[in-house]
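K.L.:
sequence and predicted model, in that order:
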Amino acid sequence: MSKTPHTGSAAKQVKPAQDRMTKAAAKSRAAFNKASNPEREKRRESFMVKRQKPKPVLRPAPHIANGPDRAAFNQQWSNEQKSAASKTKQDRKAAFMAARKGTSTTHSKTRTQ
């Protein structure tokens, strides 16, 4: 193994690399500042992002809302139970088969030109 000659302190060797990184960072910083312009960000914001931004909604306190929420849930639950009980197993099977038959015919068609 050959030893590399000692050229000085480590700080002297690292200094040129730091200077190059500092210069590169200055160039990048200018580009970053140009891109982070708030006026430009407003123009770049898409409609979907604007639409999906959370908006504060006034809601009653939980002790006030529990009654109406419970009543609405119970009504929906009873409607579900009634609709499920009104259908027999044969009705559900026939509805499933009809839906299945309808979807299979649309997928099996081929295009002709």
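P.N.:
Nice, thanks for sending it over.
K.L.:
just name the shakiest helix or strand of this structure by mean pLDDT.
P.N.:
When the helices and strands of the chain are scored by mean pLDDT, DSSP states H and E, helix 38-44 comes last with a mean of 70.
K.L.:
what's downstream of it, the next helix or strand?
P.N.:
Next along the chain after helix 38-44, taking DSSP states H and E as the criterion, comes helix 47-52.
K.L.:
mean confidence for stretch 61-75?
P.N.:
If you average the pLDDT over stretch 61-75, you get 90.
K.L.:
what sits up against that stretch?
P.N.:
For stretch 61-75, the surrounding residues in contact (CB atoms under 8 Å, 6 or more residues apart in numbering) are residue 59. All C-beta spots, glycine's among them, are computed from the backbone N, C-alpha and C.
K.L.:
quick one: that stretch to chain centroid distance?
P.N.:
30 Å (CA atoms, centre = their mean, to the nearest Å).
K.L.:
residue ranges with poor pLDDT in the protein?
P.N.:
Counting by pLDDT under 70, the chain shows low-confidence ranges at 1-14, 41-46, 48, 103-113.
K.L.:
could you point out the helix or strand that follows the strand or helix carrying residue 75?
P.N.:
In this assignment (DSSP H and E), residue 75 forms part of helix 62-86. Once the chain leaves helix 62-86, the next helix or strand it forms, by DSSP H and E, is helix 89-108.
K.L.:
of all the residues in that following helix, which ones are buried?
P.N.:
Neighbour counts over helix 89-108 (16 or more other CB atoms under 10 Å) mark no residue as buried.
K.L.:
just the angle for it relative to helix 62-86, thanks.
P.N.:
When axes from the mean of the first three to the mean of the last three CA atoms, to 10 degrees is applied, the directions of helix 89-108 and helix 62-86 differ by 90 degrees.
K.L.:
can you list contacts of helix 89-108?
P.N.:
With CB under 8 Å, 6+ apart as the test, helix 89-108 has contacts from residue 87.
K.L.:
how about it as PDB, C-alpha atoms only?
P.N.:
This file holds the C-alpha atoms of helix 89-108, laid out as PDB (Å, rounded to 0.1, in the frame of the first residue of the first chain):
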ATOM      1  CA  LYS A  89     -84.200 -14.900  -0.800                       C
ATOM      2  CA  GLN A  90     -85.700 -15.700  -4.200                       C
ATOM      3  CA  ASP A  91     -86.200 -11.900  -4.900                       C
ATOM      4  CA  ARG A  92     -82.600 -11.100  -4.000                       C
ATOM      5  CA  LYS A  93     -81.300 -14.000  -6.100                       C
ATOM      6  CA  ALA A  94     -83.400 -12.900  -9.100                       C
ATOM      7  CA  ALA A  95     -82.200  -9.300  -8.800                       C
ATOM      8  CA  PHE A  96     -78.600 -10.500  -8.600                       C
ATOM      9  CA  MET A  97     -79.000 -12.700 -11.600                       C
ATOM     10  CA  ALA A  98     -80.600 -10.000 -13.600                       C
ATOM     11  CA  ALA A  99     -77.900  -7.500 -12.700                       C
ATOM     12  CA  ARG A 100     -75.300 -10.200 -13.500                       C
ATOM     13  CA  LYS A 101     -76.900 -11.000 -16.800                       C
ATOM     14  CA  GLY A 102     -77.100  -7.400 -17.800                       C
ATOM     15  CA  THR A 103     -73.400  -6.700 -17.200                       C
ATOM     16  CA  SER A 104     -72.100  -9.900 -18.900                       C
ATOM     17  CA  THR A 105     -73.800  -9.100 -22.200                       C
ATOM     18  CA  THR A 106     -72.200  -5.600 -22.300                       C
ATOM     19  CA  HIS A 107     -68.800  -7.000 -21.800                       C
ATOM     20  CA  SER A 108     -69.100  -9.900 -24.300                       C
END
